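J.: Sequence unavailable; structure follows:
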């Protein structure tokens, strides 16, 4: 995820989108008994989370100054892809490790990436480190516009904090190609899907490549998920290096 929207205005965010949905398909007695589920709830005024640094972040109205780099690295290292499911015993794949893999794939395919462009690749899923939830794409429409707005606000704060350049159409396509290729390989070598299932069930059309893009730099066993501590340390080191280089 890169920059999604304009820079923060400094004021409180706009009103929250409605959660309302039609309950017309329900029989009247059921609508009556669970009427609270069909009404549009008032949006909460705040949604605080306490971060490892001791700082607090309002997920509904984030600012670029609410977290440390360490907070972000730890959050992404403790947020798991594929619902936390893994064929590696006790080792789900973190978003932090996935983000580093996508970055390495983009580096390998691009003629040249500026530090800012590399930083944008590294932080493409950074909002998930604060929500602590990596939502699979088919589920997102069911979560509705309110969830999309939450992601947009967090992504905007992250883009401002790290001065991320906006995506061009070509850059976004190149990023998506790497992201989907990473997902295809993870599906087989981490989550345990077969190659046929990746294509026919998951609908991922990218070829499944067995080469782990992180192996040349970090070593280890191909596709083995890192511990949260290792993932946070490696993500943080890359984040600090690129943020400094992008100044």
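T.: Sure, I can see it. Model, not experiment: these values are computed from the prediction. Numbers count the residues shown, from 1 in each chain.
J.: And residue 235, how far from residue 245?
T.: Applying CB to CB, to the nearest Å, the value for residue 235 to residue 245 is 16 Å. No exception for glycine: its C-beta is placed from N, CA and C like everyone else's.
J.: Please say which of the two ends up with more neighbours.
T.: The residue with more neighbours, out of residue 235 and residue 245 and counting by other CB atoms under 10 Å, is residue 235; that gives 29 against 12.
J.: Distance of residue 221 relative to residue 227?
T.: To residue 227, residue 221 is 13 Å away according to CB to CB.
J.: These two: which has the busier surroundings?
T.: Shown here are residue 221 and residue 227; by other CB under 10 Å, residue 227 has more neighbours (13 against 9).
J.: Can you name the residues that contact the nearest residue to that one once chain neighbours are set aside?
T.: Using CB to CB, 6 or more residues apart in numbering and skipping the chain neighbours, the partner closest in space to residue 227 is residue 91 (7.5 Å). With contact taken as CB atoms under 8 Å, 6 or more residues apart in numbering, residue 91 is in contact with 224, 225, 226, 227.
J.: Ok, residue 77 next?
T.: Residue 77 sits next to 94, 95, 96, 97, 228, 229, 231, 232, 235 when contact means CB under 8 Å, 6+ apart.
J.: The same query, at a cut-off of 7 Å, please.
T.: Counting by CB atoms under 7 Å, 6 or more residues apart in numbering, residue 77 makes contact with 94, 96, 228, 231, 232, 235.
J.: Strands along the chain, start to end?
T.: Along the chain, counting by DSSP state E, strands occupy 48-50, 56-58.
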